[in-house]
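Enquirer: Let's see this in three dimensions:
(chains A and B)
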Number of protein chains: 2
Amino acid sequence: MGGSRAPRSARALEFFQHQGALELLVFNFLLILTILTIWLFKNRRFRFLHETGGAMVYGLVMGLVIRYATKSYEVEDGAVYDCESLTNSPTTLLINVTDHVYQYEYRGEINKHNINNEKGNAMLQKMTFDPEVFFNVLLPPIIFHAGYSLKKRHFFRNLGTILTYAFLGTAISCIVIGLVMYGFVKAMMQLGQIQAGDFHFTDCLFFGSLMSATDPVTVLAIFHELHVDTDLYTLLFGESVLNDAVAIVLTYSISIYSPKENPNAFDAAAFFQCVGNFLGIFAGSFAMGSGYAVITALISFLCEFPMLETGLFFLLSWSAFLSAEAAGLTGIVAVLFCGVTQAHYTYNNLSEECKLRTKQLFEFMNFLAENFIFCYMGLALFTFQNHIFNALFICGAVISIFVARACNIYPLTFFLNLGRKRRIPWNFQHMMMFSGLRGAIAFALAIRDTDSQPKQMMFTTTLLVVFFTVWVFGGGTTPMLAWLQIRVGVDPDQDLKDLPANQRSENPTQGSTKEESAHLFRIWYGFDHKYPLPCLHFLLKLEI
Amino acid sequence: MGGSRAPRSARALEFFQHQGALELLVFNFLLILTILTIWLFKNRRFRFLHETGGAMVYGLVMGLVIRYATKSYEVEDGAVYDCESLTNSPTTLLINVTDHVYQYEYRGEINKHNINNEKGNAMLQKMTFDPEVFFNVLLPPIIFHAGYSLKKRHFFRNLGTILTYAFLGTAISCIVIGLVMYGFVKAMMQLGQIQAGDFHFTDCLFFGSLMSATDPVTVLAIFHELHVDTDLYTLLFGESVLNDAVAIVLTYSISIYSPKENPNAFDAAAFFQCVGNFLGIFAGSFAMGSGYAVITALISFLCEFPMLETGLFFLLSWSAFLSAEAAGLTGIVAVLFCGVTQAHYTYNNLSEECKLRTKQLFEFMNFLAENFIFCYMGLALFTFQNHIFNALFICGAVISIFVARACNIYPLTFFLNLGRKRRIPWNFQHMMMFSGLRGAIAFALAIRDTDSQPKQMMFTTTLLVVFFTVWVFGGGTTPMLAWLQIRVGVDPDQDLKDLPANQRSENPTQGSTKEESAHLFRIWYGFDHKYPLPCLHFLLKLEI
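Expert: Take a look at the predicted model:
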């Protein structure tokens, strides 16, 4: 992301330029349909199709319509100039040598020059927009909301476990998927489906890392609705939130892995540089995000004016994202940890009304952004121009994500259970295995780079994997819960009351003495209460 | 705004493309400063500087810094190609023949070709963005919020008066300003400051129409805070909201006024076409906006799920804007009447929580957008590249807006008082005269077209007039209220209780029998209760 980040985020909303009122209207229409469907389903207590699943269905349908019901065109409106005429050329002249048609407007003049007058469909062009928009507009509110709505106490009680799944688990999953896919790629080469040499092991690892971002939004929604056991919910939620961050940075680190000699050989230097990048960017983004959150924690003096409070909260959280981008870090990771820290430090300092407002605001933004993305996914299956469907690669992907998920959950849980007082039972493990859905992040990472053929193949495959997992596993959640006999209808507070008194107490260190994460957690907690919180309270006193 | 509207709104957020993370960060920083200042002032009960005024101050300071503290540059990064190289040219190549430098990115490649390598300041370039963004991103939430927060009953009790001020008043003000300015322009021609023939009477009318959009946000905020007499508040608020709509459409109609022969001669055909455009666009936008609002009024069946309800409310309101744009009407006018109609039909159908959520959501968006615009105004004084300061023209503008305001308020009020049972007292009239501030709309209309020298002169002047009115009159509101002995601390409901019982009753027709607008209002009210409302209630019954 390096130096090129700022210009990238500068292109953030480029797509609005290409998107006219009509195109945005189409998305509005799809979202309205989705909302009405969700309402119908909620009313009828249908749980086999989640809102995101519905959004994808409508996206698909609309994609079909646009693909086959709208006319294609030759190059239209805008004179075609010879180079000679450049001396007296119009304000701006865009020469486009791809099969895409862009129009660049300035003061109403449109001048378009499409060198290879390849036929294209205007609507398809407009409906396909710059992938950067996901990372700069749509994902930040989703990720922030996820961080901001982490159930604090349960999260910290299981901190160690969640971190293990998020870091070790994602690494395992990335490597396993990479290896399995490399096997399939070799097979494809044998069958002559792809030329040897245009698909390296690093490409497989790249696919592995982007495929490691799980997004069980469907499952979690049902868990939330049915009040499934809080520990299971927290484990799954915490893992999915953190492994997004890990997967994003990992994907980037791998994408810039550049060995000196031939790409297949292992290059120690490049490898360690890659690891260094990963750690550097991750740590930097973490610091940036939590830094801004700590500043935000001081705004409680605004509590008389919830409006201003909310505004400041929003602006500072957004600044965390922008600063990270400007500094060449990953804004999404920054905004995630900003959200987590806001929930821990800021939330309690906010006025009651501001608590409500911020929660509702980000819930709302999250809702719109999420459904927009899933709509777009459905649409992309038909509107994206360079799909490469390869049966073998798709089968490989489906198999590999299961193998990887298994190698991630079961062994790690085994070792974690050695340490945990409250062991993670088998049915929980199976449920976590089952909840390895893929979603928005994997999609966004895949669509970000679709230049080369391997990347296009990966994008198509990712899209199908998302459809498959969201519809099949998302739909199968409720029966699965019943089959695994996982208790539902749990009240989280009740859940805490079940623990011995000292675990209920406000001081989580005592609570966690019985927990696996006690040691790690006590260190953090000790530091937390020795430095940041007292400082904040001191500063807050100063203000009052 | 004809065929060119859709592509215009397509350019909606073009500026985000040019704006990098760093530039957005600057605006965030300014808004944060503004919020802190507002808090300080509210705390200290300072009323001489309103938040928007503060935002402008910070904008000015930041503009100064950017103007004089950042370095200018030659054409940088990006190879310069000869036409010969076009055969093997990069993905996209932008040839730019203005003194502006655009960069067009595609797949990370930047190729820039600036034919006249004029020196420029990169930061200034980035800080100046496409004016369409005001009409497509920042103004809609402001305008919608204004419409949505009209105090319904008081508004309809004074409907006739407000409509008179909004339509007749704006027309008068437009013509008067036009005439006065034409006088000054003639004088400037005598003094040889401008060439005869490059400043027509239509230009003066254009300036008059954009200057007729009053925006007493500062005054209204103080009224609200001090609970000034509700009728005065309603008159002022209603007028300012509606005359924005009138001014916007009027400005457009005048801008496309194209007489056959010389522009100074009166061309009946062109004139009537201009009037026809005005009526057509206004009526169309009105229908579009209220149409969507009536649809929205049917969503109350979602009341169990405030989240979905809010989402649908938001999407439908946005669709009103987009549809109007796509249909070649003015989205802002559509969204204004959508807001008014939402407040009348939809609001009462919403669940309590959704009422709160929608109010807070649009309040929040309005807050951010408004302060952003005023920040940008301050910034624009230094970052905008083509200012033309003309003392005579500026004096003319200041004088003309006073004359125009006087010719608008006093005569109209005189005639209205003949009809009104409850006359508008002198101190109210003086206060309305005093409250003729200019703001966001006038600015947005002026910045939309700054190609020709006259237009640039108008923009510079508008900017200064906004500063002057907001700071001087905004600051002087509280003393003025005291001096005019206008009663403050009025509770609107109390205010209604003062009326005879039949006026308090829920049925406004009885209430308005004592009012000037009774006749006009009863027609509307009769229609309203004969057709739309019963239909809605019928449909709502069907749903339940």
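Enquirer: Could you find the closest non-adjacent residue to residue A:394?
Expert: Distances taken as C-beta to C-beta, 6 or more residues apart in numbering or on different chains place residue A:461 nearest to residue A:394, at 5.2 Å, with adjacent residues excluded. Every C-beta, even on glycine, is put in place using the N, C-alpha and C of the backbone.
Enquirer: how far away is the one you found from residue B:285?
Expert: Per C-beta to C-beta, to the nearest Å, residue A:461 is found 47 Å from residue B:285.
Enquirer: out of the two, which sits in the busier spot?
Expert: Using other C-beta atoms under 10 Å in any protein chain shown as the criterion, residue A:461 and residue B:285 rank with residue B:285 on top: 29 against 24.
Enquirer: measure that one to residue A:51 for me?
Expert: 33 Å.
Enquirer: How about the contacts made by the residue nearest to residue A:63 when sequence neighbours are not counted?
Expert: Leaving aside its chain neighbours, residue A:63 sits nearest to residue A:382 (3.2 Å; criterion: C-beta to C-beta, 6+ apart). Residue A:382 sits next to A:60, A:63, A:64, A:66, A:67 when contact means C-beta atoms under 8 Å, 6 or more residues apart in numbering or on different chains.
Enquirer: Could you check whichever strand or helix holds the first one and say which residues are buried?
Expert: I take that to be residue A:60. Per DSSP states H and E: residue A:60 is located in helix A:51-69. Within helix A:51-69, the residues that count as buried by 16 or more other C-beta atoms under 10 Å in any protein chain shown are A:51-60, A:62-63, A:66-67.
Enquirer: Residue A:173: which of those is nearest?
Expert: Residue A:173 lies nearest to residue A:52 out of those, by C-beta to C-beta, at 21.8 Å.
Enquirer: wouldn't that closest one be in contact with residue A:471 here?
Expert: No - using C-beta atoms under 8 Å, residue A:52 makes no contact with residue A:471, being 9.9 Å away.
Enquirer: that older thread, my read: the residue nearest to residue A:394 touches residue A:399, true?
Expert: No - here residue A:461 lies out of contact with residue A:399, judged by C-beta under 8 Å, at a distance of 11.9 Å.
Enquirer: can you tell me which residues contact residue A:469?
Expert: So residue A:469 contacts A:401, A:436, A:437, A:438 (C-beta under 8 Å, 6+ apart).
Enquirer: Name the nearest residue to residue A:353, ignoring sequence neighbours.
Expert: Per C-beta to C-beta, 6+ apart, closest to residue A:353 is residue A:306, 4.0 Å.
Enquirer: Other residues contacting the helix or strand hosting residue A:478?
Expert: Assigned by DSSP H and E, residue A:478 belongs to helix A:474-483. With contact meaning C-beta under 8 Å, 6+ apart, helix A:474-483 is reached by A:47-50, A:52-53, A:218-219, A:222-223, A:226, A:228, A:431, A:434-435, A:437, A:488.
Enquirer: same thing but at 10 Å, please
Expert: Helix A:474-483 is contacted by residues A:46-50, A:52-53, A:216-223, A:225-226, A:228-229, A:232, A:427, A:430-431, A:434-435, A:437, A:439, A:473, A:486-488 when judged by C-beta atoms under 10 Å, 6 or more residues apart in numbering or on different chains.
Enquirer: Could I get the buried residue list for the helix or strand harbouring residue A:153?
Expert: Using DSSP H and E, residue A:153 sits within helix A:152-157. By 16+ other C-beta under 10 Å, the buried positions in helix A:152-157 come out as A:153, A:154, A:155, A:156, A:157.
Enquirer: returning to that earlier point: so the residue nearest to residue A:63 versus chain B, what's the distance?
Expert: Using C-beta to the nearest C-beta, to the nearest Å, we find residue A:382 at a distance of 22 Å from chain B.
Enquirer: Kindly report the same for residue A:45.
Expert: 12 Å.
Enquirer: Likewise for residue A:233?
Expert: Taken as C-beta to the nearest C-beta, the span from residue A:233 to chain B is 19 Å.
Enquirer: Walk me through the domains of chain A.
Expert: Taking automatic domain parsing as the reference, chain A has its domains at A:1-82+A:89-492, A:494-544.
Enquirer: mind putting these in JSON lines, mean pLDDT included?
Expert: Formatted as JSON lines, those follow (pLDDT from 0 to 100):
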{"stretch": "domain A:1-82+A:89-492", "mean pLDDT": "81"}
{"stretch": "domain A:494-544", "mean pLDDT": "51"}
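Enquirer: Would you tell me which of those domains gets closest to residue B:326?
Expert: The nearest among the domains of chain A, by C-beta to C-beta, is domain A:1-82+A:89-492 at 4.1 Å.
Enquirer: Need the residue closest to the centroid of chain A.
Expert: residue A:441 (3.0 Å; C-alpha atoms, centre = their mean).
Enquirer: does that one sit in a helix or strand, and which one?
Expert: helix A:440-447.
Enquirer: Would that helix count as contacting chain B?
Expert: No - applying C-beta under 10 Å from any C-beta of the partner chain, one finds helix A:440-447 out of contact with chain B, separated by at least 13.2 Å.
Enquirer: Check which element follows that helix along the chain.
Expert: helix A:453-468.
Enquirer: Off-centre distance for the helix or strand hosting residue A:274?
Expert: Using DSSP H and E, residue A:274 sits in helix A:268-296. Mean-position distance between helix A:268-296 and its chain equals 18 Å (C-alpha atoms, centre = their mean, to the nearest Å).
Enquirer: Which positions in it come out as buried?
Expert: Neighbour-count burial for helix A:268-296 [16+ other C-beta under 10 Å]: A:270, A:273-274, A:277-278, A:281-282, A:284-286, A:288-296.
Enquirer: Run through the strands of the stretch 351-500 of chain A in chain order.
Expert: Ranges of strands in the stretch 351-500 of chain A, per DSSP state E, counting those that start in this stretch: none exist.
Enquirer: that older thread, mutual contacts of residue A:461 and residue A:399, please.
Expert: Joint contacts of residue A:461 and residue A:399 (C-beta under 10 Å, 6+ apart) are residue A:181.
Enquirer: sorry, back to before: same for the helix holding residue A:60, what does it pack against?
Expert: Under the contact definition 3 or more C-beta pairs under 10 Å, 6 or more residues apart in numbering or on different chains; DSSP states H and E, helix A:51-69 sits against helix A:21-44, helix A:122-127, helix A:217-226, helix A:352-383, helix A:453-468, helix A:474-483.
Enquirer: give me that answer again for 7 Å
Expert: Using 3 or more C-beta pairs under 7 Å, 6 or more residues apart in numbering or on different chains; DSSP states H and E as the contact criterion, the elements in contact with helix A:51-69 are helix A:21-44, helix A:122-127, helix A:217-226, helix A:352-383.
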